[in-house]
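[1] have a look at this prediction, sequence included:
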Amino acid sequence: MIIATFNVNSIRQRIEHLTRWLAARAPDIVCLQELKCQDEAFPRAEIEALGYNVATHGQKTFNGVAILSKFPIEVEHRGIPGFEDEQARYIEAVASLPGKDGAPGEALRVCGVYFPNGNPAPGPKYDYKLAFMAALTEHARGLLALEEKLVIAGDYNIIPDSRDAKFPELWAADALALPESRAALKRLENLGFTDAFRATTDAGGHYSFWDYQAGAWQRNNGIRIDHLLLSPRAVETLVEVGIDKEMRAEEKPSDHVPVWCRLT
DNA sequence: ATGCCTGCGGTTCGCAGA
């Protein structure tokens, strides 16, 4: 079973990239970010035609998240419970995994997240980022107590450490890499999550985002900010992690590429 | 030091992204 995250930077601009990738990679569950459209404008039919159930939490112009699933899903939350938010950055659903010989299978809880960028820091946008992360952390604490298979997947807008940027010194004062940002991510992880990518390698130089500007892709000036956090019950089934960086070389690409993990 | 590039809204330049 493959679970993926992909910040598409406008679903309407990227629907053909997305459907090509869905057909090729055949992920079972996908969390999308930066839809930049309202639910009525989401290209649902094209995705359903590939065998996916679709749950969206859209917004005009900015933000917007969705979960695609080949398994039946029930949406639990749009927005972090208890966190008043004008911006569509969180969607949570429970997928019913198939059991053996038609028996009812177990549940897999999936949280799709799009963390605020937070720049400029300090300032109100950075305060919002930290408040969002604090609210998510408190909610995730309750979810872990359920002891389910649980994946929090999305664009975290956090560079976890210096291995995760081509030029880490350029990000030192940025909201994506400030010590307080990294500490906030650690507080979430330390509840009991594992970064799927870091469970498979200690290597640097693996990125999920390259800016459109200044030839960042051609220079491999990237950062790793799209992450899959796995609960203990999920990480014990982790087999493989991949980053589909070739997507960044396509015509009119998103500035992010899909990151995925395979669970048994 | 700044902009570089892309998408959106709504008209053509400002804002946001990271």
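    Arrived safely, thanks for sending.
[2] setting aside sequence neighbours, what's the nearest residue to residue A:48?
    Residue nearest to residue A:48 in three dimensions, not counting chain neighbours: residue A:54, with 6.0 Å by CB to CB, 6 or more residues apart in numbering. Yep, even glycine has a C-beta here, placed from its N, CA and C like the rest.
[3] which residues does that neighbour bridge with?
    Note on residue A:54: beta-bridge partners by DSSP bridges are residue A:68.
[4] contacting residues for it?
    For residue A:54, the contacting residues are A:42, A:44, A:47-48, A:66-68, by CB atoms under 8 Å, 6 or more residues apart in numbering.
[5] just send those back as TSV, with secondary structure, pLDDT and neighbour count too.
    TSV is the format used below for the contacts of residue A:54 (DSSP: H, G, I helix; E, B strand; the rest coil; pLDDT from 0 to 100; neighbours: other CB atoms under 10 Å):
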residue	secondary structure	pLDDT	neighbour count
A:42	coil	97	20
A:44	helix	97	16
A:47	helix	98	21
A:48	helix	98	12
A:66	strand	98	26
A:67	strand	98	24
A:68	strand	98	26
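[6] possible to save those residues as TSV with distance to residue A:239?
    Listed next are the contacts of residue A:54 as TSV, based on distance: CB to CB, whole Å:
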residue	distance to residue A:239
A:42	31
A:44	30
A:47	25
A:48	28
A:66	25
A:67	21
A:68	21
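[7] with respect to residue A:31, which of those residues is nearest?
    For the contacts of residue A:54, the residue nearest residue A:31 by CB to CB is residue A:67; the value is 5.7 Å.
[8] do I have it right that the closest one meets residue A:30?
    Yes - between residue A:67 and residue A:30 a contact is recorded at 7.2 Å, counting by CB atoms under 8 Å.
[9] next helix or strand past the biggest strand by length in chain A?
    Using DSSP state E, we find that the single longest strand of chain A is strand A:104-114. Next along the chain after strand A:104-114, taking DSSP states H and E as the criterion, comes helix A:124-144.
[10] return that following helix as PDB; C-alpha atoms alone will do.
    C-alpha atoms of helix A:124-144 as PDB (Å, rounded to 0.1, in the frame of the first residue of the first chain):
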ATOM      1  CA  PRO A 124       1.900  37.700  12.800                       C
ATOM      2  CA  LYS A 125       2.400  35.200  10.000                       C
ATOM      3  CA  TYR A 126       5.000  33.400  12.100                       C
ATOM      4  CA  ASP A 127       2.800  33.500  15.200                       C
ATOM      5  CA  TYR A 128       0.100  31.900  13.100                       C
ATOM      6  CA  LYS A 129       2.400  29.100  11.900                       C
ATOM      7  CA  LEU A 130       3.400  28.300  15.500                       C
ATOM      8  CA  ALA A 131      -0.200  28.400  16.700                       C
ATOM      9  CA  PHE A 132      -1.200  26.100  13.900                       C
ATOM     10  CA  MET A 133       1.600  23.700  14.800                       C
ATOM     11  CA  ALA A 134       0.700  23.800  18.500                       C
ATOM     12  CA  ALA A 135      -3.000  23.000  17.800                       C
ATOM     13  CA  LEU A 136      -2.000  20.200  15.500                       C
ATOM     14  CA  THR A 137       0.300  18.700  18.100                       C
ATOM     15  CA  GLU A 138      -2.400  18.800  20.800                       C
ATOM     16  CA  HIS A 139      -4.900  17.100  18.400                       C
ATOM     17  CA  ALA A 140      -2.300  14.500  17.300                       C
ATOM     18  CA  ARG A 141      -1.700  13.600  20.900                       C
ATOM     19  CA  GLY A 142      -5.300  12.500  21.200                       C
ATOM     20  CA  LEU A 143      -5.100  10.600  17.900                       C
ATOM     21  CA  LEU A 144      -2.000   8.600  19.000                       C
END
